[in-house]
Structures are given as structure tokens and as C-alpha cells.
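>>> sequence-free structure coming up:
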């Protein structure tokens, strides 16, 4: 197969134990004199924040800490920070935490250098100017936001998650330190790990897939399948933590150069309406979308199944691909991912609204198989009614 494709990696990456200690030096190298450090209150109470601020203090980089963000970042949080700090002379941004912190940093940066409201920038390549230099320091192994040009923000008026997609918000530097993930609770380890797996699978199977991203995706899938259960079981397993953080980063590079698909198209309306954690939502929908998509490209879905651990010997391609559905369900169950019904706040009467949001989502266009609103409605219903992880029912 021949491809015409582009591949961009606008972010410099430093990966390894203890890399967070370099933040002060790197901030100075980027010309930072006064940084806005965006994090959440949970991290603000840990030793992780202190490691960052100690390094900034040592290099004489002034900073302000903003920790008033929520797990699904909201437009009002970003706008609050912008109005609070727009006259402070901020010339550097630091996103410390999970995807919420890093996406919030990108959104605040958008407001600092581009006129108008945040909703004016939802879409692809709608920024007029680059944001201030951004350093991202991930403390979860899931979003890959430290190496992507995307920021996903919940619009509190429409209850929809919206995306800013532009190279002008890409981080200048990612400091990726596995030691920072050792304190991550089991539930967040599981959800963010499945988020990374979703990124890798959708980047590999989506319509705009391309050879460099394909190679990265397959590497990430295999690494996650082997390491995620270990990281959930023993959060102090530094080797498993390192592998998961690497897989998350690699998957982020992959999907940032291709696209995502129907899993994200379903997960983001759910998160926008119910504030469901993004990784949990992706985990819940992944097996059912994977199953739906198999007819569009059995060979690629069979390859995913093999990387997940399915035995290829003597198996027909489609048989192998459908085993991937079972393996995804079993992995989610093993690490404690809840079913859609078990979330407790999901109302089936909202499924038409959610199906509409999924159908209108940008990722629908890139999904490997065409979907209608009715297809999405069936997928929401099927996921909600699912009980047996080993049951496969074609739509």
C-alpha cells in the first residue's frame, strides 16, 4: 500500500527517572521569567509540585500556581485563570498533571495570545498566534497531551466537549518522568491506561492511518497489554510505570499525526453531559466500537488482537479479530473498569442526545467504518445492556 502523509513532532521530549528536576533549567532556556504553573489541588498537596517549584526557585524563575481545575476541564475554569493572570506578564506555561492540567494550560495560552472567547477557537487551525512556550509534565499514563496539538474543553453552555486543534498550542517540551506516576491510585491507573490503549487502537485503525503512526501504535498496544495489569496491581512497580508512561507518550504521538474514531466520538458527549472521566468512558465503549469496526478492516483488527495477546496460529483473520473484542472486555474487567450501567448516573433517555453529539463529532469522519446516528444509538444501547464480557453480538 502507498501512502501520502505528513508527520510532525513539534515537541522536544526528555524521558527518564528524575527528569522533573530539569524544569528550572529548561524554563530559563525557553526564556521564561514568570511562569503560570497549572495543576490540580490533589497534586498541589503532594511532593510532586514541590519538586517542580524547587527547581524553578533554584534557577530564579518566578511562577504563579493555578490549581482550580476539574477532571474534565471546563471553559469557565480556563476563562477564570485568563482574567486572573492576563496582566501578570506571564511568558511561560507549565502544565503539571494529567490531561486536564495540560489541556487547561493550552486553553489558557490560547486566550493569552488570541483575542476573543475560547469557543471562537474550537476547531482545526483557528489560532492566529502561538501560545506562550508550554512545558508539559505528565503525572498519569493516558492522555498523551504532553505531545499533542489538541486541547479538549467542556463547553458549560452546550454540555459538549469541544476541541482546539492547532500546532500553535503544541508544547515546546515534554518532561516525562516515570517516578511521578508511582503515587497514582489504582482506579486512575486503570482508566488512564485504557485511554492510552484507545488512542493507539484508534490511531492504527482509523481512515487517516499512516505507516509511522502504525508502527508506534502497535508498539504501544503491545506494551500496554503487558504492563497495564502490572501497574494496576502494584503501583510501585517502576518498570511497569515506565512502560505505561512510554506507551501513553508513543500513542499520543501516533494519534496526533492521524486521528481517532467512534470511541472518542461517544466518550466525549458522555463526559460532557455526565462529567464521566474520559479514560473510563473510552474504556467502556472501546470493545463495542472495536467489534462494530471489524468488517471495515479485518486484517488490522486481527493485528490489534494479536498484540493484545491472541494466539494467531491456525486462526482465520476475522476469527482472530473478534477475539480482540473478548480480550478488551477481559482486560477492562480485570483492572476494575465499570460497565456503563454501573456508573449510576447514565439515563437511557439521553441516548438520542448522546448519539447526535457522537454523530456530529469530528472523530466520526475518521472512524474506519461509516456510522449513522442510528448506529450510534444502537451502540449506546448495546453498551448499556451489556453484562457478559465474553458475549459478542454483531450489530
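Received the coordinates, thanks. These figures come from a predicted structure and were not determined experimentally.

>>> heading toward the C-terminus, what's the first helix or strand past the worst-scoring helix or strand of the chain on mean pLDDT?
None of the helices or strands of the chain scores lower by mean pLDDT, DSSP states H and E than helix 41-44, at a mean of 86. As assigned by DSSP states H and E, the chain's next helix or strand after helix 41-44 is helix 47-58.

>>> buried ones in that following helix?
The neighbour-count check on helix 47-58 (16 or more other CB atoms under 10 Å) flags 48-49, 51-53, 55-56 as buried. Quick note: C-beta positions are derived from backbone N, CA and C, even for glycine.

>>> My read is that residue 36 contacts residue 90, right?
Yes: using CB atoms under 8 Å, residue 36 is in contact with residue 90, at 4.7 Å.

>>> Now for those two: what residues contact both?
Taking CB atoms under 8 Å, 6 or more residues apart in numbering as the criterion, residue 36 and residue 90 both touch residue 64.

>>> My assumption is that residue 96 lies in a helix; please confirm.
No: the assignment for residue 96 (DSSP: H, G, I helix; E, B strand; the rest coil) gives strand, which keeps it out of a helix.

>>> Touching, it and residue 38? I think so.
Yes: using CB under 8 Å, residue 96 is in contact with residue 38, at 6.9 Å.

>>> More neighbours: those two, which one.
When neighbours are counted by other CB atoms under 10 Å, residue 38 comes out ahead of the other of residue 96 and residue 38, with 32 against 29.

>>> For residue 341, see how far away the more buried one is.
Residue 38 is 35 Å from residue 341, where distance means CB to CB, to the nearest Å.

>>> same deal with residue 324?
Distance, residue 324 to residue 341, using CB to CB: 23 Å.

>>> Can you give me the buried ones in the longest helix along the chain?
The longest helix of the chain (DSSP state H) is helix 211-233. By neighbour count with 16+ other CB under 10 Å, helix 211-233 contains the buried residues 212-214, 216-229, 231-232.

>>> In this structure residue 263 contacts residue 283, no?
No: between residue 263 and residue 283 there is no contact under CB under 8 Å: 9.2 Å.

>>> Pull up the overlap in contacts between the two.
In contact with both residue 263 and residue 283: residue 198, using CB under 8 Å, 6+ apart.

>>> could you pull out the helices for the stretch 1-150 of the chain?
23-29, 41-44, 47-58, 75-85, 99-113 (DSSP state H, counting those that start in this stretch).

>>> Out of those, which is the most enclosed?
Sort the helices of the stretch 1-150 of the chain by mean neighbour count, taking mean count of other CB atoms under 10 Å, and helix 99-113 sits at the top with a mean of 27.

>>> So which other helices or strands are in contact with it?
strand 34-38, helix 75-85, strand 92-97, strand 134-138, strand 150-155, strand 160-165 (3 or more CB pairs under 8 Å, 6 or more residues apart in numbering; DSSP states H and E).

>>> With respect to residue 361, which of these lies nearest?
Nearest to residue 361 among the helices and strands packed on helix 99-113 is strand 160-165; the distance by CB to CB comes to 8.7 Å.

>>> Not counting the closest one itself, show me its contacts.
With contacts defined as CB under 8 Å, 6+ apart, strand 160-165 is touched by 72, 106-107, 110, 118-119, 121-127, 149-155, 268-269, 271-272, 357, 362.
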